[in-house]
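# Need the 3D shape of this:
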Amino acid sequence: VTMAESSATLDELRVDLAAHMRIQREKAVDALAAGVGSGNFARDDVEAVITTAINQDGPWESLHGGCLAITKLVNSKQGLSGEFVTQTAPTLTALLAHTESRVREASGTALGSLCTVQGLEVYTKYAKATILASIADNLERDVEPEAIKAMQDKLGIESTNAADIFHESAGWKTLETGCKALHHVTQACGAAFGPQLDGDLIDLVFNAIKHTNRFVRETGYYVCNEFVKIVQEDVAADLNLGMPYDDFRQRMSQQLAVGLADNWSQVRMAACVASRAFLQSMCEATREEHLPLLLPRLCINRYYVAAGVRIYSQDSWKLLFGDEGRKKVEAYIQQTVDFYMLQAQADNHAVREAACACIAELGLKVDRACLKPHIEALLQCLHEAFEDESWPVRDAACIASGRFLGAFVEESRPQLERFMKLFIHHVGDNIWSVRENAAIALGNVAKSFDPSVVDTIFETLQELLPKALEQGSESSAHSGLENVTQFGVAPPVAGVPNRVRYEFGEEDPMHTNQQLYSCGSLAPKLKRKGGCMDCSYQRAQEPWEKSDGSIYLVRELAPAFPERVASLFPELVALSKLRGFRHHCHLLETLWNQLPSIGNSVGKKVVKQHVQELIPSLAYSLQCDHQLSKVAAQNCVVALCRLLGPTILQGRVEVVDPGLLDVFAPHLHR
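Presented below is the predicted three-dimensional model:
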């Protein structure tokens, strides 16, 4: 609070407390708290200002400002008189039914603050019936068909999805704010709330958690978090709980398991917070009873796409299990595998992606003997995921299946042929990471299986590597896409030239005045093929993409088969000379990034035989406007200097064109 604000009179702050702008109300609240703390304002006078604010029939802003002031005074340790609490609690309770949601939410927070001052009595004497009724009376509602039709028209979605999305995302009167009020009261009362935790309250909260609205479910799990922090196993007998402790933890465990697999990230996050507190509230022996149900869910959330859920779950895993996590997974491997396979079929593509990542982790970290009975089922699951419409899921499935085929050769041999077809197809995928991971998977297969399999891979490589030589001038990364999602991607623009490059400041018509698409925030509710984040676009593979993926495959095969890879260098040189299609710089970027690794594998002698032919293309990339290709070429030159020696490379540059020395010079001695 600035000096100007802190010197304001009570009458001025009374006006500001009802200001239209929230920031002005908050400044008034801060000034009131600072005035009480400094002795400039008498507490009784400030309480009178707040009482006036929350008992007005005027604008809702006054009510909101008064509730904020109550919370601020308690949180800043200024305190409130017992008489004020007694007079104010009924008013705040009545505000829980206000038509403005911000007033309802602020009054619930303020009631929690009053409980901090005067304890459980505020809840039991004034607020209990209203809070519970605000939840119980609003679990169901009817929505006007006009409202559903309006959302359907706004989002451009099918009528079958519109009602579900409305219920999932729109407000539900006092239901959510009632849950939040219960959360604040429970948090403020602490252990004193124990006798209120009976079967009826648990039923009510769990019914709210089962609600279709994601905001209600999220708040419900935060209420559960407060419940489990109160009901610690070592003090449960002293809390005078309204239900047996064993019943409480069994029911809570079942409900947390549902939340940990929820379709919405915010709900998962709340369930993760509650689950950590729940498992930390009991001794290790009791905790073990709940691990068959909760451990697979905790495990999969360590790979969830939402960063908050992922990082929190990773921290929880370390806090709960330390270095014993792998042993815990092995102890409950059947439950873990069953849950992973179930999640691999989820509607939400992010869940399917996380399931594939976890299956890959099983193949990498879990004891082989423990996992062996489940290999066939897991491979079948991965094969289905490999054909998923969402490319991140295919990407994760590619990594996982490559690891499994390489680690469990005999068990996976019956399914090798059909996986090989998928790997080879995805070497030319539209997404570069899928291309690379398909190449990695084929590399794992080549190192683990028979020479006949290796021969097949090299035959395929020799066919795919030069495909870019067939590329027409109209290469594309995104044109010709088929829109297969609700929000999808922009269609190709008819009549737009597909030029290789545009000058600085010149508009590229492919990216100018085109449709702007949704961020996909509704994707989890749109089932499969829903939302832009589902990444479900399709188009025919480009010849240059097959060559691009093949370069990754050359890198993977080079360490184990250097002589056979050395014979492919002429094709790599030929690819480096291509310029006539739009995305040739992407192909060069891949080549320059992978060439050092390939060169180290095949040896200095082979590289020296061909480096002179690569110099013009390296010079082209070093001087081009495509920054990623340029940086890749710079790093490649540095790596070649380390392999061959700067003097040798400089000599080859002089042979090709002495005028290029200035282009190469900054990178020859780095």
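# helix or strand for the nearest residue to Cys115 once chain neighbours are set aside, which one?
Of all residues not flanking Cys115 in the chain, Ala188 sits nearest, at 3.8 Å (Cβ to Cβ, 6 or more residues apart in numbering). For glycine as for every other residue, the C-beta is placed from the backbone atoms N, C-alpha and C. Ala188 belongs to helix 175-189 when assigned by DSSP states H and E.
# which strands and helices sit next to that helix?
helix 101-118, helix 128-136, helix 199-209, helix 214-230 (3 or more Cβ pairs under 8 Å, 6 or more residues apart in numbering; DSSP states H and E).
# Now do the contacts for Val258.
Contacts here follow Cβ atoms under 8 Å, 6 or more residues apart in numbering; on that basis Val258 touches 209-210, 271.
# measure it to Tyr221 for me?
Computed as Cβ to Cβ, to the nearest Å, the Val258 to Tyr221 distance reads 10 Å.
# what residues do those two have in common as contacts?
209, 271.
# Thought Glu176 was touching His211, still the case?
No: His211 lies out of contact with Glu176 (Cβ atoms under 8 Å); the separation is 9.2 Å.
# Between the two, point out the one with more neighbours.
Counted by other Cβ atoms under 10 Å, His211 and Glu176 do not tie: Glu176 has more neighbours, with 26 against 22.
# Grab the nearest non-local neighbour of Thr219.
Nearest one to Thr219, counting by Cβ to Cβ, 6+ apart, is Cys179 at 4.1 Å.
# Enumerate every residue touching that neighbour.
Going by Cβ under 8 Å, 6+ apart, Cys179 touches 135, 205, 208, 216, 219-220, 223.
# redo that, cut-off 7 Å
Cys179 sits next to 135, 208, 216, 219-220, 223 when contact means Cβ atoms under 7 Å, 6 or more residues apart in numbering.
# any idea how far Ser390 is from it?
On the measure of Cβ to Cβ, Cys179 and Ser390 end up 33 Å apart.
# And for Asn348?
10 Å.
# So between the two, which is more surrounded?
Asn348 (27 against 22).
# What separation is there between that one and Leu668?
51 Å.
# and stretch 96-110, how far out from the chain's middle?
With Cα atoms, centre = their mean, to the nearest Å as the basis, stretch 96-110 stands 31 Å off its chain's centre.
# tell me which residues in that stretch are buried?
By neighbour count on 16 or more other Cβ atoms under 10 Å, the buried set for stretch 96-110 is 96-98, 102-110.
# and what of stretch 301-308?
301-306.
# now stretch 649-659
649-650, 652-653, 656.
# Tell me where the protein has strands.
Using DSSP state E, the chain contains no strands.
# quick one: least confident helix or strand in it?
helix 3-6 (a mean of 42; mean pLDDT, DSSP states H and E).
# So what's the residue count around the nearest residue to Leu17 once chain neighbours are set aside?
Counting by Cβ to Cβ, 6+ apart, Leu17 lies nearest to Gly65, which is 3.8 Å off, once chain neighbours are set aside. By the measure other Cβ under 10 Å, the count of residues near Gly65 is 29.
# Ala53 is in contact with Gly65, correct?
Yes: between Gly65 and Ala53 there is a contact under Cβ atoms under 7 Å: 5.7 Å.
# Please identify every residue contacting each of the two.
With Cβ under 7 Å, 6+ apart, Gly65 and Ala53 have common neighbours 17-18.
# Quick one: low-confidence residue ranges for the stretch 51-200 of the chain.
Scanning the stretch 51-200 of the chain with the threshold set as pLDDT under 70 gives 141-172.
# With the chain instead?
Scanning the chain for pLDDT under 70 picks out the ranges 1-7, 141-172, 473-538.
# What segments of the stretch 301-450 of the chain are helices?
307-321, 325-331, 333-343, 349-365, 368-371, 375-386, 391-407, 409-412, 416-426, 432-448 (DSSP state H, counting those that start in this stretch).
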